[in-house]
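In: next come a sequence and a model predicted from it.
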Amino acid sequence: MDGFRKIRVRMAPSPTGPLHFGTARTALFNWLFARAQGGDFVLRIEDTDIERSSPEYEKDIINGLKWFGLDWDEGPDVGGNYGPYRQSERLEIYEKYLQKLIDENKSYYCFCSKEQLELDRQAMLAQGLAPKYSGRCRNLSKEESEKRIANGEKAVIRFKTPGIEVEFIDLIRGKLKFDATLIGDIVIARNLRSPLFIFSGAVDDFEMKITHVIRGEDHISNTPKQVLIQRALGFDEVKYAHLPLILAPNRTKLSKRYLETSLNDYRKQGYLPEAMFNFLALLGWHPKDEQEIFSAEELIKEFDLKRIQKAGAIFDINKLEWLNGQYIKKIKPVDLAGKLTEFVPSEWLNNKELFIRAVAVEKERMKKLTDFKELADFFFELPDYKAELLIWPRPKEIEKINKEKTLNNLKLLLEEISKIFKADFNAANLEKAIIPLTEVWGRGELLWPLRAGLSGKEISPGPFEIMEVLGKEETLRRLKIAIEKLE
RNA sequence: GGCCCCAUCGUCUAGCCCGGUCUAGGACAUCAGGUUUUCAUCCUGAAAACACGGGUUCAAAUCCCGUUGGGGCUGCCA
């Protein structure tokens, strides 16, 4: 535990797009940490950029995080003692602190035009210097600034970055040092009622009594700036942990160009939230032992900030697929059927019993929920196929296999299968009845045409399983069709 | 360019903090074999890595320095 302060962490998505799985992973690590430590997990919507933020995206993010399996103790949808949890509703709080900084001469209005700033930047770059604000407006008198503001002149608010060395502890990387003279006076607000994330975040983390900020590595260089702002405002410092980034296969920061990055797309592609959860937890973190498959509870038990990786991790879709397949295999057919309803034609749902039996049989062949549609289509409607499909495509050493022989074998099977009572019509009994025949007539010679005739496909589950799913009546019907095709 | 972060099989990683037990372990992917009428599952096996160079030490994947490589940031986005 962290002294006597209750551990509080937050996830702070910006509703400027659909839920990105990088955001989901950051949220996941925060959640894991909070749950493992008995702390609070807060959802805060960072919508200070009103131009790009939208309520639709906020909804998408919240729904996505719920689907993913996370829950939070405080947030815009559930309330809490430190609300509101939407930054756009906390403007007076930021204004108060902004004004305080100005009053204390720790911040000032800057009237430089964008064009001027761009010129400055180019000039510094040309000299091989790190571009930073020139400080032109830094020493404007308060009277003058206020007069210009009153006149309606456009201004932003800049923070007087002290020329010192800033240090902070990163729980994953250790002590990090930055030379603040290189930072320059950063803009912290467009105006008193429009703060920038660097400022609003620092204020909210304090106001919401956040103890640990766990976020992506891309924020490392923002941290010294926020530390300086916290100090200027007399806030307690929070502890930081910067997570390694999730990388695209080309090792660059994930962007839409290389991969689908929206969590919802993965849902639509038929990935299970549990698999995604497990997969993302393993990206940049690893347990003590060699376990690969974890429930959320097990993850909470095992989770330790110290076992987080420092280097970026490539998103490996292969491993996700494998994990997803593992999870699918563990689900009971009835439950899996329930999850599959949105991925199949609605007619398939007419015969619920048939549907569930089909799911049971195809379960271990599926990697994604979307696979089911192609895998199981033949159960619901026999595809049209060519007679040749029924002939065992066997190595030439067995030459005798031909149309005639196949026809005879199918007739034999039809006769034998007809004898089995409807009540006994299951895979085990069917196998018991047919396997002895294969000892006389050959396995492939009998089983291939059987299976092909039942499925109408080159690839499918085994014939006994198919027959059980289809039932006696449909099985016989399909066999007769096969026989007709050969006659 | 500047600042910062990072560096074990193709990928995710164990080992590194507290040097010897590492002829570097596991998983995914790949390949081969087995089970099998087909596919998938499952089982067995193979190939596959300590970026490089210096140091410290009896001993370095492990500690230090440098090089190289990769990444992030460098916005009145977050």
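Out: Thanks, I have the structure now. Residues are numbered from 1 along each chain as shown, chains lettered A, B, ... in the order given.
In: from here on, just use CA atoms for contacts and neighbour counts.
Out: Will do.
In: quick check on residue A:283: phi, psi?
Out: Reported as degrees, to the nearest 10, the phi and psi values for residue A:283 are phi -90, psi 90.
In: do the same with residue A:37
Out: Torsion angles, degrees, to the nearest 10, at residue A:37: phi -100, psi 0.
In: nearest residue to residue A:12 in space, please, no chain neighbours.
Out: In this structure, residue A:12 finds its nearest non-sequential neighbour in residue A:44, 4.8 Å apart by CA to CA, 6 or more residues apart in numbering.
In: so what's that neighbour up against?
Out: For residue A:44, the contact set (CA atoms under 8 Å, 6 or more residues apart in numbering) comprises A:10-13, A:75-76, A:85-87.
In: how about a cut-off of 6 Å?
Out: Residue A:44 makes contact with A:12, A:75, A:85-86, according to CA atoms under 6 Å, 6 or more residues apart in numbering.
In: report pLDDT for residue A:1.
Out: On the pLDDT scale, residue A:1 is placed at 45.
In: sorry, slip of the keys, the one I care about is residue A:220.
Out: Each residue has a pLDDT score; the one for residue A:220 is 96.
In: can you tell me the SS state at it?
Out: helix (DSSP: H, G, I helix; E, B strand; the rest coil).
In: tell me how far it lies from residue A:71.
Out: Counting by CA to CA, to the nearest Å, the separation of residue A:220 from residue A:71 is 27 Å.
In: one more: residue A:219?
Out: 24 Å.
In: show me what the longest helix along chain A is packed up against.
Out: If you go by DSSP state H, chain A has its longest helix at helix A:463-486. Secondary-structure packing of helix A:463-486 (3 or more CA pairs under 6 Å, 6 or more residues apart in numbering; DSSP states H and E): helix A:427-441, helix A:443-455.
In: is any part of the last one close to RNA strand B?
Out: Just to be clear, that refers to helix A:443-455. Yes: interface with RNA strand B: helix A:443-455 contributes A:443-444, A:447-449, A:451-452 (CA under 7 Å from any atom of the strand).
In: just the strands in chain A please.
Out: Counting by DSSP state E, chain A has these strands, from start to end: A:8-11, A:40-43, A:107-110, A:156-159, A:165-170, A:174-179, A:187-191, A:194-195, A:212-216, A:239-243, A:246-247, A:313-314.
In: show me what from the stretch 201-350 of chain A comes close to RNA strand B.
Out: A:217-222, A:245, A:250-253, A:282-292, A:307-316, A:318-320, A:322, A:326.
In: give me the buried entries from those.
Out: Buried subset of these (neighbour count, 16 or more other CA atoms under 10 Å): A:217, A:220, A:245, A:253, A:282-287, A:308-309, A:312-315, A:320, A:322, A:326.
In: in helices, which of these fall?
Out: Filtering these for helices - DSSP H - leaves A:320, A:322, A:326.
In: not counting sequence-adjacent ones, nearest residue to the first one?
Out: Read it as residue A:320. Using CA to CA, 6+ apart, the closest residue to residue A:320 is residue A:279 (6.0 Å).
In: before we move on, back to that, present the helices and strands packed on helix A:463-486 as JSON lines; the columns should include mean neighbour count and mean pLDDT.
Out: What follows is those, written out as JSON lines (neighbours: other CA atoms under 10 Å; pLDDT from 0 to 100):
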{"stretch": "helix A:427-441", "mean neighbour count": "14", "mean pLDDT": "91"}
{"stretch": "helix A:443-455", "mean neighbour count": "24", "mean pLDDT": "94"}
